[in-house]
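1. Kindly generate the corresponding structure for this input.
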Amino acid sequence: MTATVETDAAAVPELPPKGSMSWDGDTLVVDPNEPMFKAVTRKALSPSTSNAMQDCPSRWFAEKLTPREDDPFDPAPLGTAAHAVMEDLYDRPHDKRTPTDAYELLLTVGERHPDVVIPTAPLELARWRDKVMLVMSGLWDIEDPSTAMTGQREQKFDQVSVRGVPLMGFVDRVDPVVTDDQQLGLRIVDYKGLALDTPIPTPAGWTTMGDLHVGDQVYGATGLPVTVTVKSDIHNRPCYRIAFSDGTSVVCDNVHLWTVVDETGQATTVDADRLFDIVTAGKDIALPTVTLPGGDEVSFTVTTVEQVESVPTQCIQVDAQDSLYLCGEGMVPTHNTGKWSTAAKLKMYGDDYAEQMRTYALALQELTGVLPVQASLYYTAVGKSRDIPLGPRLLERTAERLVDSWDKHNEYTSTGRWPTKPSGLCNFCPLATVCPAAAARDKPVQPRNDSYLFGEAVFESLADLLTEPAEQEADDYPPPVEPPDEIALGIPGPDDEPGVHEPPARHTSQVHTNEHEESSEMAANKGPWSGTEDKAWEETAQGDLQAGSYAATAAFGLSAMAMEELHAAGQPITGDTVPALAMTLSSLVLEVQTDLSGSANFQRSLNTRLRGALHATLLTMPIPFGADGETWDQWAHEVKRRMKSIAMVAHKLWDNGVVDRPYAVLVEKTTPRPTNQTNSEVSA
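-> Predicted coordinates:
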């Protein structure tokens, strides 16, 4: 039957049954005789499906049947591409396993791995290649591929059984290893590519959370350096984006700590879950007043806290008495890493990555007759690794978990009853807005994934599948949530990166001129500019871009630059070429701006500086008019690199101050000018 569940938090709207689908309390009920069940009935269990049966089976069921398009920049497709390149890299001779070799393999990865999702637009392709290289960039920090003794790669198992449970899956690597007692054994390796790029200000310049190490210095709330004493492991938990009064924001996981000050001046420390509750209740929350490295005192208020897609997170602990350090583009104060007991964290979160590795170990034992002696997770974007214990008691627990998951899978597919389990991941479930269990959570459900259909549309979509046999889909359940070792600061992943700035929607209210309404024809021909102008720091007026803003200056400057470049190169100036080149130049600036600051915004001062860097770069790297797409890709890649170099030199100038004999390098590295060059040319 269809149920309407009333709770204190929310109420699920009553929906008519679609086909053979309905809610029975908190359980999704679907007729198991319908053809759609072919897509969810497994002949063997994979680690991801096993985890899903322990998590929220109804979410897994809906995700398997809900159509979505793969975005090349989503974490899963990026990870697939990086996996493919690393697989090819280790097939090469030992001396051909450098980062340069990896990039060469990336250029043709689609020819060898047709499952890799690759963008087609030249600029998008260049940006995508940069992202894939970032995902695997830390591999050389974990090990030296030129000396690594690797064995089987992409080891497949689909004909093995553990405790009567048929298993299927792939292991990234199975390597030979010599144990401490000089015995030959096997080690399994799995890649987890993570991008931990929250900006952190330090006395040595800006860095990222992923690049910090114990012993490094960051800034404390007094504006003075403090030392990193602890750095947490990498986690994947439910996350929030916390926005502040200066317009900046930071993504953190649900257990990260924030010191806040109420209206009475009383300070207390709360986790992000509690901060979400406080802010959504309409209470004003401020952070402690801090001193920036330059000596200015600033204060921040929290403007919004919104749930966002889960991303990899880390945090640090510093030797400051108040446990605070500065983070993010706005240098906001955030709290130290906290400590939880092992029993509590395992009970609350589990350890799905470890269970996955132990499942691989049990499968390989059945396949080869040899139990691996080591298991390692490689977090290749940050150059970290994690060893997974393979003790007898832990392996026994994993085997029992597999049996339980297989029994549950068979029960759900035979009865058609899919239970629910609410969590912070409800916001990314296709059933988010119609699930009774999700509505009963303390926090309101806010669907965050635009790739999915939601609410009643999901029922319509799934009901359509009742009339047609469904193809069995790949087992690609999203990465599980890791247990917390320490409370962690969240780092936006590749899919959180802001894209090219789009102007706001036009103002749609009626406009009056000379006390008469405009005709409908005039209104239809109204341009995209606001008729009202404001201060330069106000980007819009009446919902439109206003001409006096910094953003308008940026847009005009890039458009004029595009026309100048086309004219100087003798290229046609048309309604196609000018916008195309202007968007190309704009994308280059915004991508570099995002990489340097985490923000892509025409209104920011950094955008102005980078447009100057672009102008200087084009003087030395002319636009490759008339060349093929591959040449344009390489040109865009090199232009961004040179712009970043200019930005880093600029920051270094500010950081270093006066340097004794800085031209000593020029004495050594430069050559005399040609003798026929005039003094006026030198002066120019």
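2. Ramachandran coordinates for the closest residue in space to residue 589 that isn't next to it in sequence?
-> In space, and not counting its chain neighbours, residue 589 is closest to residue 610: 4.9 Å by C-beta to C-beta, 6 or more residues apart in numbering. (Each C-beta comes from the backbone N, C-alpha and C, glycine too.) Residue 610 adopts backbone torsions of phi -70, psi -30, taken as degrees, to the nearest 10.
3. residue contacts, residue 610?
-> Residues in contact with residue 610, defined by C-beta atoms under 8 Å, 6 or more residues apart in numbering, are 589, 592, 593, 596, 643, 647.
4. same thing but 6 Å
-> 589, 592, 593 (C-beta atoms under 6 Å, 6 or more residues apart in numbering).
5. Now name the helix or strand holding residue 405.
-> Counting by DSSP states H and E, the element that carries residue 405 is helix 392-415.
6. Give me the helices and strands touching that helix, please.
-> The contact analysis (3 or more C-beta pairs under 6 Å, 6 or more residues apart in numbering; DSSP states H and E) places helix 392-415 against helix 47-54, strand 165-178, helix 352-368.
7. Neighbours of residue 184, how many?
-> 10 (other C-beta atoms under 10 Å).
8. Against residue 362, how distant is it?
-> If you measure residue 184 against residue 362 using C-beta to C-beta, to the nearest Å, the figure is 20 Å.
9. again, but for residue 439
-> To residue 362, residue 439 is 39 Å away according to C-beta to C-beta.
10. picking up where we left off before, identify whichever of the helices and strands packed on helix 392-415 lies nearest to residue 418.
-> Distance to residue 418, taken as C-beta to C-beta, is lowest for helix 47-54 among these, at 10.3 Å.
11. counting contacts, what elements does the closest one pack onto?
-> helix 352-368, helix 392-415.
12. For these, could you give me TSV that also reports mean neighbour count and mean pLDDT?
-> Below are the helices and strands packed on helix 47-54 laid out as TSV (neighbours: other C-beta atoms under 10 Å; pLDDT from 0 to 100):
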stretch	mean neighbour count	mean pLDDT
helix 352-368	22	88
helix 392-415	16	93
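13. Pretty sure residue 293 sits in a strand.
-> No. Checked against DSSP: H, G, I helix; E, B strand; the rest coil, residue 293 lies outside a strand; its state is coil.
14. which helix is the longest one in this structure?
-> Criterion DSSP state H: the longest helix present in the chain is helix 629-656.
15. And the next helix or strand past that one?
-> Counting by DSSP H and E, the next helix or strand C-terminal to helix 629-656 is helix 664-669.
16. most neighbours, which of the contacts of residue 610?
-> Result: residue 589 is most packed of the contacts of residue 610 (other C-beta under 10 Å), 27 neighbours.
17. how about the helix or strand containing that residue: buried residues?
-> Assigned by DSSP H and E, residue 589 belongs to helix 577-597. Within helix 577-597, the residues scored as buried using 16 or more other C-beta atoms under 10 Å are 578, 581-582, 584-597.
18. other SSEs contacting it?
-> For helix 577-597, the packing partners by 3+ C-beta pairs under 6 Å, 6+ apart are helix 550-568, helix 605-620, helix 629-656.
19. Next, the contact list for residue 324, please.
-> With C-beta under 6 Å, 6+ apart, residue 324 has these contacts: 221, 333.
20. 10 Å instead?
-> 219-222, 226, 258-259, 269, 287-288, 290, 318, 332-336 (C-beta atoms under 10 Å, 6 or more residues apart in numbering).
21. Next: residue 359.
-> 45-48, 50-51, 157, 162, 165, 167, 169, 171, 395, 398-399, 401-402, 405.
22. and what of residue 229?
-> Residues near residue 229 by C-beta under 10 Å, 6+ apart: 214, 215, 316, 317, 318, 319, 320, 336, 337.
23. Can you give the domain ranges for the protein?
-> Using automatic domain parsing, the domain parsing of the chain gives 71-148, 199-343, 512-656.
24. Let's have these in a markdown table, adding distance to residue 25 and mean pLDDT.
-> Output for those, formatted as a markdown table (distance: least, C-beta to C-beta, whole Å; pLDDT from 0 to 100):
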| stretch | distance to residue 25 | mean pLDDT |
| --- | --- | --- |
| domain 71-148 | 32 | 88 |
| domain 199-343 | 24 | 80 |
| domain 512-656 | 43 | 78 |
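25. Same list, those, but as CSV with distance to residue 29 please.
-> Below are the domains of the chain laid out as CSV (distance: least, C-beta to C-beta, whole Å):
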stretch, distance to residue 29
domain 71-148, 30
domain 199-343, 27
domain 512-656, 45
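26. Out of those, which is closest to residue 413?
-> Residue 413 lies closest, by C-beta to C-beta, to one member of those: domain 71-148, at 24.4 Å.
27. Now do the contacts for residue 104.
-> Going by C-beta under 10 Å, 6+ apart, the list of residues near residue 104 reads 85, 88, 89, 96, 98.
28. Just say helix, strand or coil for it.
-> helix.
29. and if you look at residue 207?
-> Under three-state DSSP, the three-state class of residue 207 is strand.
30. can you count the residues close to it?
-> 17.
31. So in terms of bridging, what pairs with it?
-> residue 200 (DSSP bridges).
32. from memory it sits against residue 316, does it?
-> No. Counting by C-beta atoms under 10 Å, residue 316 is not a contact partner of residue 207; they are 11.3 Å apart.
33. Overlap in contacts, the two.
-> 200, 213, 216, 218.
34. Looking at the residues you listed, which are in strands?
-> Using DSSP state E, 200, 218 are the members of the shared contacts of residue 207 and residue 316 that sit in strands.
35. Go through the shared contacts of residue 207 and residue 316 and name the one nearest residue 545.
-> Among the shared contacts of residue 207 and residue 316, and counting by C-beta to C-beta, the member closest to residue 545 is residue 200, at 32.8 Å.
36. still on that earlier bit, tabulate the helices and strands packed on helix 577-597 (a markdown table), appending distance to residue 56.
-> A markdown table is the format used below for the helices and strands packed on helix 577-597 (distance: least, C-beta to C-beta, whole Å):
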| stretch | distance to residue 56 |
| --- | --- |
| helix 550-568 | 42 |
| helix 605-620 | 42 |
| helix 629-656 | 41 |
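37. of all those helices, which lies closest to residue 574?
-> Ranking the helices and strands packed on helix 577-597 by proximity to residue 574 (C-beta to C-beta) places helix 550-568 first, at 8.9 Å.
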